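Engineer: Predicted model follows, preceded by the sequence.
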Amino acid sequence: ITDLNLSENGLGPAGAAALSAALGCLTCVVELDLSSNSFGAAGAAVIAPALAALTRMTDLDLGYNDLSLRAGYEPLLPSLASMPALQSLFLREEATPLPFPANNNRGRYSEADLLRLRTAAPRAVISWA
């Protein structure tokens, strides 16, 4: 399996935990769509170590999972740093304002937060929309 689309499956935190165990066996995955599963910060923390093993990953969609940059994406930063092939990272959220320009993001993301994300995934095109 190289492309895995599990979007809109209602995984939640419990499903993210189950998926985390399965991803360890799927190291050939290059495209992973986990959007619209509402696993939140708890699910992101559980799935982060499994994502680190997916070093061939080129496209990762984590949008619409009730995550914020500070709470939900923070545990993912080390995993993103271990994905040298990552080219596209989708992080959109319905309730999240676009972080650009920096002075128009209603204070939700600091420039330091955005820099940490960019540092973790330097080669990826990060999409918020």
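Structural biologist: That came in fine, so what should we check first?
Engineer: quick one: R116 is in a helix?
Structural biologist: Yes: counting by DSSP: H, G, I helix; E, B strand; the rest coil, R116 is part of a helix.
Engineer: ok, the residue nearest to the spatial centre of the chain - contacts?
Structural biologist: The centroid of the chain falls nearest to L62 when counting by Cα atoms, centre = their mean (4.2 Å). Counting by Cβ atoms under 8 Å, 6 or more residues apart in numbering, L62 touches L34, S35, A44, Y73, L76, L89, F90, L91. C-betas here are computed from N, CA, C, even on glycine.
Engineer: For L26, which non-adjacent residue is closest in space?
Structural biologist: Here the nearest residue to L26 in space, its sequence neighbours aside, is I1; by Cβ to Cβ, 6 or more residues apart in numbering that works out to 5.7 Å.
Engineer: Please tell me I have it right and that neighbour contacts T27.
Structural biologist: No: I1 is beyond contact range of T27, at 10.1 Å (criterion: Cβ atoms under 8 Å).
Engineer: re earlier: can you tell me which of the contacts of L62 are in strands?
Structural biologist: Among the contacts of L62, the residues falling in strands (DSSP state E) are L89, F90.
Engineer: By neighbour count, which of the contacts of L62 wins?
Structural biologist: With neighbours taken as other Cβ atoms under 10 Å, the top of the contacts of L62 is L34, carrying 27 neighbours.
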